[in-house]
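Visitor: Compute the structure for the input listed below.
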Amino acid sequence: MSSLIRQEQARQSFLGTPLSMLITLVNACLLYYLLEPVTPENYALTWLAVITVVSLARLALYIAFCLTKPGLETIKSWSLFFTLGSLAAGCTWGAVSIYLFPIDSISHQVFIAFIIAGMTAAAVTTLSINWIDTLAFILPAYLS
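Guide: Below you'll find the model as predicted:
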């Protein structure tokens, strides 16, 4: 693939980061609020802390990308960092199904499915510029 195309893909990928992180944190807080009463002690709070750290790290990466305005020689590294951020976010959303899944509450289970489906649908639209980023988010979110 041409280096110029890769550079533009990376730029387009990073452009959606601020809004994506805002939506992620709003949905994460909503999920925490609804699941905290039905999950083991501190599980929901720990998950919220992890998704917040992942989101802030991705936002810091976005800021660094914007300030650096990387050239063709470093764009592969920036793309890799972006993909790793997508993977970390997907794994964190996937962890909801493992650690926060309330066995006794079907309504909470449906809500979890709804939130994860919504997050992955949003990921398809915001990450579709690079299919690797899309898969890095979606696969761990769904397969957990």
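Visitor: Grab the most central residue of this structure for me.
Guide: When Cα atoms, centre = their mean is applied to the chain, the residue found nearest the centroid is residue 89 (3.2 Å).
Visitor: List the buried residues for the helix or strand where it lies?
Guide: Using DSSP states H and E, residue 89 falls within helix 75-99. Residues 75, 78-79, 81-83, 85-97, 99 are the ones in helix 75-99 that count as buried (16 or more other Cβ atoms under 10 Å). For every residue, glycine as well, the C-beta is placed using N, CA and C.
Visitor: and what of stretch 133-144?
Guide: For stretch 133-144, the neighbour count (16+ other Cβ under 10 Å) marks 133, 134, 135, 136, 137, 138, 140, 141, 144 as buried.
Visitor: Looking at the residues you listed, which is nearest residue 103?
Guide: Set against residue 103, the nearest of the buried residues of stretch 133-144 by Cβ to Cβ is residue 144 (15.8 Å).
Visitor: check contacts around the closest one.
Guide: Neighbouring residues of residue 144 by Cβ atoms under 8 Å, 6 or more residues apart in numbering: 91, 94, 95, 96, 97, 98.
Visitor: Please apply the same query to residue 139.
Guide: Residue 139 touches residue 90, counting by Cβ under 8 Å, 6+ apart.
Visitor: Helix or strand for it, just tell me which one.
Guide: helix 131-143.
Visitor: Next, the angle helix 75-99 makes with that helix.
Guide: Here helix 131-143 points in a direction 10 degrees away from that of helix 75-99 (axes from the mean of the first three to the mean of the last three Cα atoms, to 10 degrees).
Visitor: pLDDT score for residue 1?
Guide: pLDDT, residue 1: 59.
Visitor: what's the answer for the one 4 residues further on, then?
Guide: According to the predicted model, the pLDDT of residue 5 comes to 85.
Visitor: Residue 57 and residue 43, how far apart?
Guide: 21 Å (Cβ to Cβ, to the nearest Å).
Visitor: show me where pLDDT drops low in the chain?
Guide: Counting by pLDDT under 70, the chain has low-confidence residues at 1.
Visitor: For the nearest residue to residue 6 once chain neighbours are set aside, which residues are in contact?
Guide: Take residue 6 and drop its neighbours on the chain: the residue closest to it by Cβ to Cβ, 6 or more residues apart in numbering is residue 75, 5.4 Å away. Contact analysis of residue 75 by Cβ under 8 Å, 6+ apart lists 3, 6, 7, 10.
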